[in-house]
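Trainee: Below are the sequence and a predicted model for it; my questions follow.
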Amino acid sequence: MRRLFRLLKRNPAPILGIIIILTVLFAALFGTHLAPFDPDAMDLSNRLKPPFWMKDGNWKHLFGTDMLGRDVFSRLICGTRESIVIGISSSFIALLLGVSLGMRSGYLGGIFDIVVMRLVDIMLALPPIMIAIVLVAIIGPHLISIIIAMGLTMWSEYAKVIRSRTLTLKEESFILAAKVLGSSNLRIVLKHVFPNIIYIIIVIFTLQIGTIILWSTALSFIGLGGVTLSWGWDIAAGRIYVSTAWWLSTIPGLAIFVTVLGFNLFGDWLRDILDPSLSKEL
Amino acid sequence: MSRAITSILTLILLSIIVFLIIHITPGDPARMMLPMESTKEDVLEMRKALGLDQPLVVQYLIWLKNAIRLDFGSSIRAKYSASKIFLERLPATLELSFASIVLSVLFAIPIGVFAAIKRSSVWDFAVSFVSLFSLSTPRFWLGILFIIFFSLWLGWLPPYGRGPGLFYGISQLFIGDYMTFYSALKHLVLPSATLGTWFFTIFLKYTRASVLEELGKLYVKTARQKGIGELRVLLVHVIRNALIPIVTVIGLQIGSVLGGAVIIEIVFSWPGVGQLLLQALFVRDYPLIQASLFMVGAMIVVIFILLDILYVLIDPRIIYKTT
């Protein structure tokens, strides 16, 4: 614990990351109750009001109002939920797929390994957006399409790294000892391999949330998200007014930037303390 | 070589998925193409005409045969060849992607080399700082910020569109018309700068790491001891060896570049394939969707094969390494 504090004193950057992440999670969980206005409440007499620091602005609508008179600040807070939900769910799907396939691939090898690795190469070659488009073409523009699409995009990163770690671990003496003692493969994997790779999993999970948020907000920007209360969508909606009400497209983007920065700061720090060799592979 | 095989496998897998899109989607494709009042017999006839009464595998093979000849049928909306529509729009997307890669590489190499030489200095930290920020920025938002700043507030560059296009602009140069080329460039700057930021940052990291690794190698120390000047050592040996990852990085990031191009095209109303694909998606123009997805996949295969060739040219030792 004390070592942790000493590390943080030398490089305080991740503290900012942690603060940002906690704030964002808080907003995602409780935002709808804490937002000053209903994010969907329209007030056409109050359209396109600027943020509080500008000439026409007021403190009632901190970041101004949009083209339908909705409070930008409230939409910002409530939009957090969509990004975080996608970020965490997709990262989880990627984790489940990637870790299980990667571990099996590394530990058992064989045809399974070859097939999975070819699949990984294919997934890494394809643009994430193509996978999203295919899913939207089939299922339609819904939240679930984005979540699945992002999960399918990101699992290959897990698979590659976990597989190589499993390959190395396989030759370790304690694994060989367990085998000699008659442990089943499943038991070895769960009791010996898994605890050694859990640190990597945590690092990849954290860093992937940032990337997923970047891509998923882009997808809702172009309209594939199916949810209208989201940062990406608000940026798209504000584009027509960019010459007059520039804050509509600018402020939600700032939210995305800060959120992703938070996850990246924290994730980079986690990687540096848990497993620095990852920076070569990630 | 391995990548070429993977690409072809990718294409086959992609073709199967693209083919299945129509068949997995809920709803009968025949009924969707006919007006509301059609009778059951009309639907059956349509199914026969579309070849939907054949077993799925046969349908796939027929589709694949046509796909290889680039025949995807006519776009439902535009009423002429889907692949032709795609090919008309392709140059714009290629121009954008190519320009952003070139820009990124041009800037990333000197900065990366510099950061590696001045390791752990203020400059190096500044570069790491900027990289972190850049990797956290959504590109489409950055594009809008660029538009606001450079077009609306400063008025230096056009906010939307492609203008005459680089290919036309270059061809006009030959008859002494500079203005068209200039206009094409002006339209190209913001979109390619926006699209390029991600690639630039990743490439910067690779260059810096690559140069650092080279600097630590034995031959550098040997050259220094032989008395060869620092600059010459740098230019001739270190950088040339550090360039090999360029091809690797392009291969790894090409998906991100093409995917990002789709989004940047929306931001800047760039008349490319991305816009086309999205519009087709929203009106459920299946022939066009299939044509676009398949041909983008084919394009990626071609790019990978070209990169593999480039790889061998830069470092002939690769052939020996892989065999």
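Mentor: Received the coordinates, thanks. Residues are numbered from 1 along each chain as shown, chains lettered A, B, ... in the order given.

Trainee: List the buried residues of the helix or strand harbouring residue B:129.
Mentor: Assessed by DSSP states H and E, residue B:129 sits inside helix B:122-135. Of all the residues in helix B:122-135, those buried under the rule 16 or more other C-beta atoms under 10 Å in any protein chain shown are B:124, B:127, B:131, B:132, B:134, B:135. Placement of C-beta: from N, CA and C, glycine included.

Trainee: cool, and stretch A:208-228?
Mentor: By 16+ other C-beta under 10 Å, the buried positions in stretch A:208-228 come out as A:208-227.

Trainee: and what of stretch B:272-287?
Mentor: In stretch B:272-287, counting by 16+ other C-beta under 10 Å, buried: B:272-278, B:280-281, B:284-287.

Trainee: Restricted to helices, list those.
Mentor: Those of the buried residues of stretch B:272-287 mapping onto helices are B:273, B:274, B:275, B:276, B:277, B:278, B:280, B:281, B:286, B:287, per DSSP state H.

Trainee: Report the contact partners of the fourth one.
Mentor: Okay, so that is residue B:276. Listed by C-beta atoms under 8 Å, 6 or more residues apart in numbering or on different chains, the contact partners of residue B:276 are B:85, B:86, B:89, B:288, B:292.

Trainee: where's it relative to chain A, distance?
Mentor: 12 Å (C-beta to the nearest C-beta, to the nearest Å).

Trainee: With the first one instead?
Mentor: Counting by C-beta to the nearest C-beta, the separation of residue B:273 from chain A is 11 Å.

Trainee: Around the closest residue to that residue other than its chain neighbours, how many other residues sit close by?
Mentor: Nearest residue to residue B:273, sequence neighbours excluded (C-beta to C-beta, 6 or more residues apart in numbering or on different chains): residue B:93, at 4.4 Å. When neighbours are counted by other C-beta atoms under 10 Å in any protein chain shown, residue B:93 registers 25.

Trainee: and residue B:162, helix, strand or coil?
Mentor: Here residue B:162 is recorded as coil under DSSP: H, G, I helix; E, B strand; the rest coil.

Trainee: my bad, should have said residue B:71
Mentor: Following three-state DSSP, the label given to residue B:71 is coil.

Trainee: quick one: which helix or strand includes the residue found closest to residue B:282 once you drop the neighbours it is linked to in the chain?
Mentor: Using C-beta to C-beta, 6+ apart and skipping residues adjacent in sequence, the residue nearest residue B:282 is residue A:223, 7.3 Å away. Residue A:223 is part of no helix or strand, with elements assigned from DSSP H and E.

Trainee: hang on, the earlier thing: the buried residues of helix B:122-135: which ones sit near chain A?
Mentor: Near chain A, judged by C-beta under 8 Å from any C-beta of the partner chain, the entries from the buried residues of helix B:122-135 are B:132, B:135.

Trainee: So which of the buried residues of helix B:122-135 sits lowest on pLDDT?
Mentor: Of all the buried residues of helix B:122-135, residue B:124 carries the smallest pLDDT score, 84.

Trainee: list the contacts for the spatially most central residue of chain B?
Mentor: The centroid of chain B falls nearest to residue B:258 when counting by C-alpha atoms, centre = their mean (2.7 Å). Contact analysis of residue B:258 by C-beta under 8 Å, 6+ apart lists A:127, B:93, B:97, B:296, B:299, B:300.

Trainee: relative to helix B:273-282, how tilted is the strand or helix carrying it?
Mentor: Using DSSP H and E, residue B:258 falls within helix B:244-268. For helix B:244-268 against helix B:273-282, the angle by axes from the mean of the first three to the mean of the last three C-alpha atoms, to 10 degrees is 50 degrees.

Trainee: Which positions in helix B:244-268 come out as buried?
Mentor: B:245-247, B:249-251, B:253-268.

Trainee: re earlier: show me which of the buried residues of helix B:122-135 is closest to residue B:146.
Mentor: For the buried residues of helix B:122-135, the closest approach to residue B:146 (C-beta to C-beta) belongs to residue B:134, at 13.4 Å.

Trainee: Stretch A:59-76 near chain B at all?
Mentor: No. Stretch A:59-76 stays clear of chain B (C-beta under 8 Å from any C-beta), getting no nearer than 13.6 Å.

Trainee: Name the residues of that stretch that are buried.
Mentor: Going by 16+ other C-beta under 10 Å, stretch A:59-76 has these buried residues: A:61-66, A:69-76.

Trainee: Point out where chain B drops to low pLDDT.
Mentor: Residues of chain B meeting the criterion pLDDT under 70: B:1-4, B:26-38, B:50-51, B:218-221, B:223-240, B:242-243, B:314-323.

Trainee: cutoff 80 now
Mentor: B:1-10, B:21-56, B:59, B:70-79, B:117-120, B:212-247, B:310-323 (pLDDT under 80).

Trainee: Could you spell out which stretches of it belong to which domain?
Mentor: Annotated domains of chain B cover B:2-79, B:86-282 [automatic domain parsing].

Trainee: Give me whichever of these is most buried.
Mentor: Stretch with highest mean neighbour count among these: domain B:86-282 (a mean of 18; mean count of other C-beta atoms under 10 Å in any protein chain shown).
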